[in-house]
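Q: quick check, what structure comes out for this input:
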Amino acid sequence: MRQITSRSVAGFLSLILFAGCGQNSSGSLLTPANYDQVSIGMSKTQVEKILGPPTKVETKQALVFAGTETKWEPLITCRYEDGRTFIEITFKDEKVDKKDSNLGREP
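A: Have a look, this model is predicted:
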């Protein structure tokens, strides 16, 4: 029979405490800390490592004016939802172009 030592109990408690890092008490990844980690220029893969897979993805075409040239470019908007809470990330050229959220605001 194995003996339970204080070291094994401490290790087990550490595992439980750190298992939820990055998530709030409800288990959601939609936290102000995670929102702040997302920065302009990140790839979709980097964002998904922080926020997980998006709830909704929408692709639109945007007309871009560059000097005398105009062209259509795809804009991809990924929306992450948990109840009334949301984070919305817009990608241009496969990089984060802008972000929005209702975190910290009354829904």
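
Q: which strand runs longest in the protein?
A: strand 69-82 (DSSP state E).

Q: state the mean pLDDT of that one.
A: Strand 69-82 shows a mean pLDDT of 94.

Q: how much space separates the spatially most central residue of the chain from residue 62?
A: Closest to where the C-alpha atoms of the chain average out (CA atoms, centre = their mean) is residue 51, at 2.6 Å. Here the criterion is CB to CB, to the nearest Å. By it, residue 51 lies 23 Å from residue 62. Heads up, the C-betas are built off the backbone N, CA and C, glycines and all.

Q: do residue 45 as well
A: On the measure of CB to CB, residue 45 and residue 62 end up 22 Å apart.

Q: who has more neighbours out of these two?
A: residue 62 (12 against 8; other CB atoms under 10 Å).

Q: contacts for the host helix or strand of that one?
A: Using DSSP states H and E, residue 62 maps to strand 56-66. Contacting residues not belonging to strand 56-66 are listed as 70-79, 81, 92 [CB atoms under 8 Å, 6 or more residues apart in numbering].

Q: thank you, goodbye.
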